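>>> Below: sequence and its predicted model.
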6 protein chains.
Amino acid sequence: MTSLVAPIEYDDAAPEVRAVYDDIMATRRVPSVNNFWKVLANDPPTLRRIWHNAKQVMAPGALDPLTKEMIYLAVSVSNGCGYCIASHTAAARKAGMTDAMFGEVMAVTGMANETNRLANGYRVPIDPAFDR
Amino acid sequence: MTSLVAPIEYDDAAPEVRAVYDDIMATRRVPSVNNFWKVLANDPPTLRRIWHNAKQVMAPGALDPLTKEMIYLAVSVSNGCGYCIASHTAAARKAGMTDAMFGEVMAVTGMANETNRLANGYRVPIDPAFDR
Amino acid sequence: MTSLVAPIEYDDAAPEVRAVYDDIMATRRVPSVNNFWKVLANDPPTLRRIWHNAKQVMAPGALDPLTKEMIYLAVSVSNGCGYCIASHTAAARKAGMTDAMFGEVMAVTGMANETNRLANGYRVPIDPAFDR
Amino acid sequence: MTSLVAPIEYDDAAPEVRAVYDDIMATRRVPSVNNFWKVLANDPPTLRRIWHNAKQVMAPGALDPLTKEMIYLAVSVSNGCGYCIASHTAAARKAGMTDAMFGEVMAVTGMANETNRLANGYRVPIDPAFDR
Amino acid sequence: MTSLVAPIEYDDAAPEVRAVYDDIMATRRVPSVNNFWKVLANDPPTLRRIWHNAKQVMAPGALDPLTKEMIYLAVSVSNGCGYCIASHTAAARKAGMTDAMFGEVMAVTGMANETNRLANGYRVPIDPAFDR
Amino acid sequence: MTSLVAPIEYDDAAPEVRAVYDDIMATRRVPSVNNFWKVLANDPPTLRRIWHNAKQVMAPGALDPLTKEMIYLAVSVSNGCGYCIASHTAAARKAGMTDAMFGEVMAVTGMANETNRLANGYRVPIDPAFDR
């Protein structure tokens, strides 16, 4: 499979795109950017917006970066996004996810998808205590 | 909305159902069980199977219970399961999720759903480094 | 919740809409049509198209009507469509689904949603025997 | 990946299948049909039904064909259907979608997927003005 | 159903929240903000981020605002997000969507969801012409 | 694409994993296990749990094994899980699904996905008769 638009390499990028690439590499301390950003670079306003979102959302806050990456992975697995599963599994491992933790993320994700359907299918009424 | 089968209360439950209710209440240290279990009780083998799954999957392990509940919540939000969002938000709060943590779970969940579609739509090729 | 457009009752319907209502009632041997059709009647070409599709797809063929209704229900449960779950649970019951069968449809649907995510998350390669 | 049933080429097709292929080629002014139709041809009633649906639904009406193709693409991206993304991106380009328009379809699609989850997760109550 | 956190009214909002509300009302020329924003206001950085995203993504560009709203609606319908369906149907109507256009948005959205599954289920191989 | 963890072959498996493999082969009367199980074997508690679930859920009961496999397939198609579609199409064929039956499973699955969105998008109110 090839992308629908060509990835834009650093050397071929316009200054506004290079500025985003530079910020990604500096923030994440990596020597290059992933295909996701190189493909988004075909639409510079979207590249800049998504990177600024990612920078804000994934920064350490009330949750640490590893927890955030595992939540990201669980959502990507539920949606069946192949690229996202691959890249966020790598990112979560880099942030400290062990094999045992990966196994548990999968187990919780799988089970949540199962019980979501049981709750839907049986049309379980929300308990008064939860429906504040 | 009412459930498609009647919830089965403790006093009306058969011994095999009561045994599961008792184990849920003892394991979770709660005085009663939620509607989810009372509705599943109409199909005792499923009630027992799902409870044993939940007990194993949600027990502390490589991940702590709070992290597991937040992952569960993120999946339920992505799937749009109203009952599951309500019950697992409550469970996560009980396990220690603050308002700030809830806000960040939502922010990560929302953003993952956005970038999942951008990766799909642009058909971003998986970086060789991720495709081991 | 109210629908976004008003349901159109038989007495208020244009002849082309009445013709579809009459065919639904005759085919299904029911004295009136469900809200789904009354709402679609606001867009007569869609009403007619969807009814013709339903008539063809749900007719007995290589699969009997009960099996078809249970598959319909499993999909509706997976998608979390409240109206569809309610109406196709009723339709499946009318076609012969017992409580035990309903319980097993839910169990299979729940488990398929779980293992779908495990297969996605672990990125399980397709066995050569399946990839003809 | 190969399809689960063999695509049926024009020269090997039964008359009823050829009639649909002919109508597709004439309606769309193309010299051949896509794999989607060649695969569906294994089930002629479905081939005919889906083509008649597509012909009616995608014809110019209150919406022009380009708008319809972009909506189709947005849904396919949300569902993660690889074939559909590829074929409807091509169809939308043929109908006039520029690179800038493609970028905006992706941006809206991504953002809608994000805010859908925020609305679900926070359980935002429907404003009275919207709930007519 | 009530939201999981209380909506924050203008008079009770902190200055940073009021600033966002003011910008929403000025940009959209409306006298108040929807529940979506009042609920997000519990997490001011997310409120500000999502509003800035919406402002950029939904502004007129290569696509006009009505087309963007109809794409937004198609995605919300596919995801089954009740709040989003209600609010974006209202927004699309305000931007000029007629009843006939609404019917066609629904028809395309429904059909895309159908053919997405046929393409998946038959595992239709991507035509070489689409897989550039 | 390769899996994120290496599949574990029988000869390399620990005794607790071999015991599950043996039970799968004996129950299903097959000479080896699929990749799904070999990949799950990296997390033995999940391997054992999922196998015990599958054994219970997919056993003949109120529904026969073929009906269960077709429901499983319909859900996997709706979720777009490539591995699951491939493996459960094979399993359903083994249980007796003919080409005509496969075509009807696809037709019902596709149509259910279409009408689910029409019901959501028009916000069809649940008929009193269905909302017991």
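Yes, it's here.

>>> switch to C-alpha atoms for all contacts and neighbour counts from now on
OK.

>>> can I assume residue A:84 is in contact with residue B:117?
No. Look at residue A:84 against residue B:117 with CA atoms under 8 Å: they stay out of range, at 9.5 Å.

>>> Of the two, which one has the most company?
Using other CA atoms under 10 Å in any protein chain shown, the more surrounded residue of residue A:84 and residue B:117 is residue B:117, with 30 against 26.

>>> Just give me how far the helix ranked longest in chain A sits from the chain centre.
The longest helix of chain A (DSSP state H) is helix A:99-121. The chain centre lies 18 Å from the centre of helix A:99-121; the measure is CA atoms, centre = their mean, to the nearest Å.

>>> Please see if it touches chain F.
Yes. For helix A:99-121 and chain F, the contact criterion (CA under 8 Å from any CA of the partner chain) is met by A:100, A:103, A:107.

>>> among those residues, who's most crowded?
So for the residues of helix A:99-121 next to chain F (other CA under 10 Å), the most neighbours sit at residue A:107, 29 neighbours.

>>> The longest helix of chain A and chain D, are they touching?
No. Against chain D, helix A:99-121 shows no contacts by CA under 8 Å from any CA, the least distance being 13.7 Å.

>>> low-scoring stretches of chain A, by residue?
Along chain A, the model assigns pLDDT under 70 to residues A:1-3, A:132.

>>> Show me the helices in it, by range?
A:15-28, A:35-40, A:44-58, A:65-79, A:82-94, A:99-121.

>>> Kindly export the last one (C-alpha atoms) in CSV.
The one in question is helix A:99-121. Only the C-alpha atoms of helix A:99-121 are listed here, as CSV (Å, rounded to 0.1, in the frame of the first residue of the first chain):
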residue,chain,number,x,y,z
ASP,A,99,5.5,-7.0,27.3
ALA,A,100,3.3,-7.7,30.4
MET,A,101,1.8,-4.3,30.3
PHE,A,102,1.1,-4.6,26.5
GLY,A,103,-0.7,-7.9,27.2
GLU,A,104,-2.8,-6.2,29.9
VAL,A,105,-3.7,-3.2,27.6
MET,A,106,-4.9,-5.7,25.0
ALA,A,107,-6.8,-7.7,27.6
VAL,A,108,-8.6,-4.6,29.0
THR,A,109,-9.3,-3.3,25.4
GLY,A,110,-10.7,-6.6,24.3
MET,A,111,-12.9,-7.1,27.3
ALA,A,112,-14.2,-3.5,27.1
ASN,A,113,-15.2,-4.1,23.5
GLU,A,114,-17.0,-7.3,24.6
THR,A,115,-18.9,-5.8,27.6
ASN,A,116,-19.8,-2.6,25.6
ARG,A,117,-21.8,-4.9,23.3
LEU,A,118,-23.4,-6.9,26.1
ALA,A,119,-24.5,-3.6,27.7
ASN,A,120,-25.9,-2.3,24.4
GLY,A,121,-27.5,-5.6,23.4
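
>>> and that helix, which residues are buried?
For helix A:99-121, a neighbour-count test (16 or more other CA atoms under 10 Å in any protein chain shown) marks A:101-121 as buried.

>>> now swap in stretch A:5-18 and tell me
Neighbour counts over stretch A:5-18 (16+ other CA under 10 Å) mark A:5-10, A:13, A:17-18 as buried.

>>> Can you give me the first-to-last residue distance of that stretch?
18 Å (CA to CA, to the nearest Å).

>>> What count of nearby residues applies to residue A:129?
Residue A:129, neighbours per other CA under 10 Å, totals 10.

>>> Look up how far chain B lies from it.
Distance, residue A:129 to chain B, by CA to the nearest CA, to the nearest Å: 9 Å.

>>> now residue A:79
Distance, residue A:79 to chain B, by CA to the nearest CA: 8 Å.

>>> With residue A:56 instead?
Taken as CA to the nearest CA, the span from residue A:56 to chain B is 9 Å.

>>> same thing with residue A:17?
Residue A:17 is 17 Å from chain B, by CA to the nearest CA.

>>> try residue A:93
Distance from residue A:93 to chain B, counting by CA to the nearest CA: 11 Å.

>>> Leaving out the residues flanking it, which one is nearest to the most centrally placed residue in chain A?
Geometric centre of chain A, nearest residue: residue A:72, 4.6 Å, by CA atoms, centre = their mean. Of all residues beyond its chain neighbours, the one nearest residue A:72 is residue B:112 (5.6 Å), with distances taken as CA to CA, 6 or more residues apart in numbering or on different chains.

>>> Residue numbers of chain A in contact with chain D?
So far as CA under 8 Å from any CA goes, chain A lies against chain D at A:4, A:43, A:46, A:79-81.

>>> So which of those reach chain F?
Answer for the residues of chain A next to chain D near chain F (CA under 8 Å from any CA): residue A:80.

>>> re earlier: tell me what angle the longest helix of chain A forms with helix C:65-79.
Orientation check (axes from the mean of the first three to the mean of the last three CA atoms, to 10 degrees): helix A:99-121 against helix C:65-79 gives 120 degrees.

>>> Just want the angle from helix A:99-121 to helix F:44-58.
Using the same axes, to 10 degrees, helix A:99-121 lies at 30 degrees relative to helix F:44-58.

>>> which residues does the closest residue to chain F within chain A contact?
The minimum distance from chain A to chain F, using CA to the nearest CA, falls at residue A:103 (6.1 Å). By CA atoms under 8 Å, 6 or more residues apart in numbering or on different chains, residue A:103 lies in contact with F:43, F:46.

>>> if we can go back for a sec, identify, from the residues of chain A next to chain D, the entry nearest to residue D:59.
residue A:4 (25.8 Å; CA to CA).

>>> Grab the nearest non-local neighbour of the closest one.
residue B:122 (5.6 Å).

>>> Torsion angles phi and psi at that neighbour?
phi -90, psi 0 (degrees, to the nearest 10).

>>> from chain A, which residue is nearest to chain D?
residue A:43 (6.0 Å).

>>> Now that residue. Nearest residue, chain neighbours left out?
residue D:103 (6.0 Å).

>>> how far away is residue A:118 from residue B:84?
10 Å.

>>> Ok, residue A:25 next?
Separation of residue A:25 from residue B:84 (CA to CA) stands at 38 Å.

>>> Residue A:40 too?
Using CA to CA, residue A:40 is found at 34 Å from residue B:84.

>>> likewise residue A:16?
Taking CA to CA as the measure, residue A:16 falls 43 Å from residue B:84.

>>> Then residue A:93?
Applying CA to CA to residue A:93 and residue B:84 gives a distance of 28 Å.

>>> again, but for residue A:107
17 Å.

>>> so the residue of chain A closest to chain D makes contact with residue D:100?
Yes. Assessed by CA under 8 Å, residue A:43 is found in contact with residue D:100 at 7.3 Å.
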